[in-house]
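Colleague: Structure, please.
(one chain, ligands or ions: 2)
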Amino acid sequence: MSNMQLDTLRRIVQEINASVSLHESLDIMVNQVSEAMQVDVCSIYLFDERNQRYVLMATKGLKAEAVGNVSLPLGEGLVGLVGQREEIVNLHNAPQHERFAYFPETGEELYNSFLGVPVMYRRKVMGVMVVQNQHSQDFSEAAESFLVTLCAQLSGVIAHAQAVGNIDVFRKPNNASAYKTFQGAAGAGGIALGRAIILYPPADLTAVPDREADDISEELTLLDQAIISVRHEIQALDDKMQDSLMADERTLFSVFLRMLDENALPSEIKEIIREGNWAQGAVKRVIDRHVTLFAQMEDDYLRERVADLKDLGRRILAALQRSDPSHKELSSDSILIGEEISTAALVELPVSKIAAIVTSEGAANSHMVIVARALGIPTVVGVTELPINTLDDVELIVDAYQGRVFVNPPRRLRQRYKEIQKEEEQIAKDLKQYESRDAITPDGVAVRLFVNTGLMIDVVRGVQRGAKGVGLYRSEIPFMLRERFPGEEEQRAIYRQQLSHFANKPVVMRTLDIGADKDLPYFEIEEENSALGWRGIRFTLDHPEIFSAQIRAMLKASIGLNNLHILLPMVTSVSEVEEALYLLERDWIAVQEEEEVKITKPKIGIMVEVPSVLLQIEEFSELVDFFSVGSNDLIQYLLAVDRNNPRVSSVYSHFHPSILRVLQRLVKQCHDYDKPISICGEMAGDPLSAVLLMAMGFNTLSMSSSNILRVRKTICHISMQDAQQLLDQVLKLNNPLMIKSWMEYYFKTHGLADMVKSSRLINV
Ligand code: PEP
Ligand code: MG
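Modeller: Ligands and ions are numbered 1, 2, ... in the order given. Model prediction:
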């Protein structure tokens, strides 16, 4: 592709990103493409799922009245052909093609050459982009590649814009109260009905929602105050830079000040406030509008001013947010929504008031989801098309079993979900009897169910639900709750609580596992490929002072309790363990000397998360006392699939045959070397996979407290003999989905349907 085409492409994408509605985006597209490609016609047809038709949504060249009125049934006409084949159709004499359909409303008979490209999003045809010319000539390869590149770039934007404007663009444009449904990935299971509250990052223009102003004159006053404050800010910057910048280099400041003149930006913003939007939403709209205008300019200098304009917008927004009196309080039915919600941001909130969480980014095994699961908050992630900004205070139903979000749900659906909530409560009540039972199969095999902890609430729930120990204490969680690294004594007190609640039972404390999606708010690690970067033991060995403080605190906390086990995360090589063992030994001796007390030497284990460990079990067995499988990461690294990326979440599965085979071999190897092995990843807490793990020989499963009772009930109902038969059967299957379905079918036909979380499919 030529540089000029690339420039054009970039500009189009930029403009689309700045547009405010789907219709505007489509219009920009057809206009820009027809100009860039010098074609007589450029049109976009979108697929209307409900009516199974391609609807003409925008055109440059055909009659404007045809937009919204011309549509083709699936599989008809040349547009249908492109959609059906999911590939380019390039014709020099389109009217002669057998599939040519004639629509007098468009004046189409005049055009001979036709190039149609499917707009694909996540393997689905969303629409078709068509360019046409009067003269009869094949379009060049360059033209094809230009359109293909454009459609690939824009498919996501169209999907998003469509969702933001209205999912049902074909019928009720911009109807904010329309009923819509969205699909994401099921995170922490559960159901919630409530109202959305947007958790948006401060001073982020893209994240500001539209919101009806409670009091228009109040919003106008807030804007005036914000403008005054930004003027002072810019004036101060200008003064500060007097000595370091030349006068012409400081012209930007005077441009900013002029833009803040009452009859410039402020008057435009006020116009939108008077129409009913709140000040922050109005600022966003005006800045967006100007950004679009600037982005369209041919002049490079002006185009580059887009960044400055956004900067000015952010400053006004920040000033408004500083004095925002309307900061929403959480109420008990608040459903938190946002692009991405970090673990740290989540645990800072009054979690008892969060009814559910929905995010447009993230995947089911992200750290935030693990914490949400422990807290029992229904969570749906990776809802990529969620129109966050339009959902402030809107009624939602979150079905976190199926990963679905219903916006403005109809009454019938609300009723149905309320009934399901009641059934859920009943299941929870029925499960209560399993709090005091042991996990023993009908043929007498005992499985130890441990709890994964991080917060104190996990400990409390773990004890209440009869956990036989802590299989994984994620020590990074208390680190996330603070504003700095906690000191040794502070840590000792935290660890003591964990150890003493499980006195006489093993507690496996993992050393700090930060990096990748587990950032500390006060120690951000910015890396291009963080999952493969500086995380877990790689970080702590580079910071022996942090590692030692933690080990010393753990050892001191264990005095008199003697139930401490230490687990090393993200181990890749033997040398890392040798180094860690050296530090551990040194600290163990030192702490005993300082405290003048004998401390039982903790058992040391490693997590099996990096595939290299699987091939060196023999060597590691000589160094450590036990192994614990971190299947969340092991799956990520074995299948080469980011556990946080919603685009590839369908590739991430703990039922993948390779995963099951690897785990089966691993257990056998550990038994051969006489080393205990447990598993603490999320698959241990899924009743369907827990049965398979038990059959492989895992006799310790560690899981979120929210899953203990389900897994215990399952184990009490399936004999080891049956479980082994099931394992044999599924290991013959070559496909994760088939394995999962096989297990679901078994559960549903053996009285365990309630243990299958996605079993309550609701047809709406
Ligand atoms: C895992 O990777 O399976 C695990 C238990 O660790 P985490 O989820 O904290 O990375
Ligand atoms: Mg891990």
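Colleague: So Ile273 belongs to a helix, correct?
Modeller: Yes: assessed with DSSP: H, G, I helix; E, B strand; the rest coil, Ile273 lies in a helix.
Colleague: number of nearby residues for it?
Modeller: 22 (other Cβ atoms under 10 Å). All C-beta atoms are positioned from the backbone trio N, CA, C, and that covers glycine.
Colleague: next one: Gln724
Modeller: Other residues lying near Gln724 total 16 when counted by other Cβ under 10 Å.
Colleague: Now the element after whatever helix or strand it lives in, going C-ward?
Modeller: Taking DSSP states H and E as the definition, one finds Gln724 inside helix 720-730. Scanning forward in sequence from helix 720-730 by DSSP H and E, the next helix or strand is helix 736-749.
Colleague: Contacts for that next one, please.
Modeller: 653, 655-657, 660, 687-689, 691-692, 714, 726, 729-730, 733, 753, 755-756, 758-759 (Cβ atoms under 8 Å, 6 or more residues apart in numbering).
Colleague: Report the angle between it and helix 720-730.
Modeller: Here helix 736-749 runs at 150 degrees with respect to helix 720-730, directions being taken by axes from the mean of the first three to the mean of the last three Cα atoms, to 10 degrees.
Colleague: Dump helix 736-749 to PDB, restricted to CA.
Modeller: Provided in PDB are the C-alpha atoms of helix 736-749 (Å, rounded to 0.1, in the frame of the first residue of the first chain):
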ATOM      1  CA  PRO A 736     -12.200 -28.700  24.600                       C
ATOM      2  CA  LEU A 737     -15.800 -27.900  23.800                       C
ATOM      3  CA  MET A 738     -16.700 -31.600  23.300                       C
ATOM      4  CA  ILE A 739     -15.000 -32.500  26.600                       C
ATOM      5  CA  LYS A 740     -16.900 -29.800  28.400                       C
ATOM      6  CA  SER A 741     -20.200 -30.800  26.900                       C
ATOM      7  CA  TRP A 742     -19.500 -34.400  27.700                       C
ATOM      8  CA  MET A 743     -19.000 -33.500  31.400                       C
ATOM      9  CA  GLU A 744     -22.100 -31.300  31.500                       C
ATOM     10  CA  TYR A 745     -24.200 -34.000  30.000                       C
ATOM     11  CA  TYR A 746     -23.000 -36.400  32.700                       C
ATOM     12  CA  PHE A 747     -23.700 -34.000  35.500                       C
ATOM     13  CA  LYS A 748     -27.200 -33.200  34.100                       C
ATOM     14  CA  THR A 749     -28.100 -36.800  33.800                       C
END
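Colleague: residues contacting Val691?
Modeller: Residues in contact with Val691 (Cβ under 8 Å, 6+ apart) are 714-715, 718, 723, 726, 743.
Colleague: wait, does the helix or strand harbouring it contact ligand 1?
Modeller: Element membership for Val691, per DSSP H and E: helix 687-696. No: judged by Cβ under 6 Å from any ligand atom, helix 687-696 makes no contact with ligand 1; its nearest approach is 12.6 Å.
Colleague: same for the following helix or strand past that helix, what does it pack against?
Modeller: The first helix or strand that comes after helix 687-696 along the chain, using DSSP H and E, is strand 700-703. Secondary-structure packing of strand 700-703 (3 or more Cβ pairs under 8 Å, 6 or more residues apart in numbering; DSSP states H and E): strand 448-453, strand 470-474, strand 677-679, helix 687-696.
Colleague: How is the spatially most central residue of the chain assigned, secondary-structure-wise?
Modeller: Among the residues of the chain, the one closest to the centroid is Gly362, at 1.4 Å (Cα atoms, centre = their mean). Counting by three-state DSSP, the backbone at Gly362 sits in coil.
Colleague: Next: the one 10 residues further on.
Modeller: For Ala372, the secondary structure call by three-state DSSP comes out as helix.
Colleague: Quick one: residues contacting it.
Modeller: By Cβ under 8 Å, 6+ apart, Ala372 lies in contact with 187-188, 346, 357, 379.
Colleague: what residues does this protein put near ligand 1?
Modeller: 370, 472, 474, 513, 609, 630-633, 680-681.
Colleague: Thought Gly469 was touching Asn504, still the case?
Modeller: No: using Cβ atoms under 8 Å, Asn504 is not in contact with Gly469, being 9.4 Å away.
Colleague: which residues do the two both contact?
Modeller: With Cβ under 8 Å, 6+ apart as the test, Asn504 and Gly469 both reach Asn563.
Colleague: Which of those two has more residues huddled nearby?
Modeller: Gly469 (20 against 8).
Colleague: just to revisit the earlier point, reformat the contacts of Val691 as CSV; add distance to Ile228 and pLDDT.
Modeller: Output for the contacts of Val691, formatted as CSV (distance: Cβ to Cβ, whole Å; pLDDT from 0 to 100):
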residue, distance to Ile228, pLDDT
Thr714, 64, 98
Ile715, 67, 98
Ile718, 70, 98
Ala723, 71, 98
Leu726, 70, 98
Met743, 64, 97
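Colleague: Keeping just the C-alphas, turn stretch 220-238 into CSV.
Modeller: Provided in CSV are the C-alpha atoms of stretch 220-238 (Å, rounded to 0.1, in the frame of the first residue of the first chain):
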residue,chain,number,x,y,z
LEU,A,220,-23.4,26.3,34.0
THR,A,221,-21.9,27.7,37.2
LEU,A,222,-19.6,24.7,37.6
LEU,A,223,-18.4,25.2,34.0
ASP,A,224,-17.7,28.9,34.6
GLN,A,225,-15.7,28.0,37.7
ALA,A,226,-13.8,25.3,35.8
ILE,A,227,-13.0,27.7,32.9
ILE,A,228,-11.7,30.3,35.4
SER,A,229,-9.5,27.7,37.1
VAL,A,230,-8.1,26.4,33.8
ARG,A,231,-7.3,30.0,32.7
HIS,A,232,-5.3,30.5,35.8
GLU,A,233,-3.6,27.2,35.3
ILE,A,234,-2.5,28.1,31.7
GLN,A,235,-1.5,31.6,32.7
ALA,A,236,0.7,30.1,35.4
LEU,A,237,2.2,27.7,32.9
ASP,A,238,2.9,30.5,30.6
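Colleague: Touching that stretch from outside, list them.
Modeller: 250, 253-254, 256-257, 260, 266, 269-270, 273-274, 279, 282-283, 312, 315-316, 319-320, 322-324.
Colleague: May I see the ChimeraX selection of the buried members of these?
Modeller: Paste this into ChimeraX to select the buried members of the contacts of stretch 220-238, with burial taken from 16 or more other Cβ atoms under 10 Å:
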select :250,253,256,257,260,266,269,270,273,279,282,283,312,315,316,319,320
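Colleague: any idea of the angle the helix holding Val691 forms with helix 736-749?
Modeller: 100 degrees.
Colleague: tilt between helix 687-696 and strand 448-453?
Modeller: 130 degrees.
Colleague: how much distance is there from helix 687-696 to the middle of the chain?
Modeller: With Cα atoms, centre = their mean, to the nearest Å as the basis, helix 687-696 stands 27 Å off its chain's centre.
Colleague: ok, back up a step: in JSON lines: the contacts of Ala372, plus neighbour count, secondary structure and distance to Phe114.
Modeller: Shown next, in JSON lines, are the contacts of Ala372 (neighbours: other Cβ atoms under 10 Å; DSSP: H, G, I helix; E, B strand; the rest coil; distance: Cβ to Cβ, whole Å):
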{"residue": "Gly187", "neighbour count": "28", "secondary structure": "coil", "distance to Phe114": "45"}
{"residue": "Ala188", "neighbour count": "26", "secondary structure": "coil", "distance to Phe114": "50"}
{"residue": "Leu346", "neighbour count": "22", "secondary structure": "helix", "distance to Phe114": "52"}
{"residue": "Ile357", "neighbour count": "29", "secondary structure": "strand", "distance to Phe114": "47"}
{"residue": "Thr379", "neighbour count": "33", "secondary structure": "strand", "distance to Phe114": "47"}
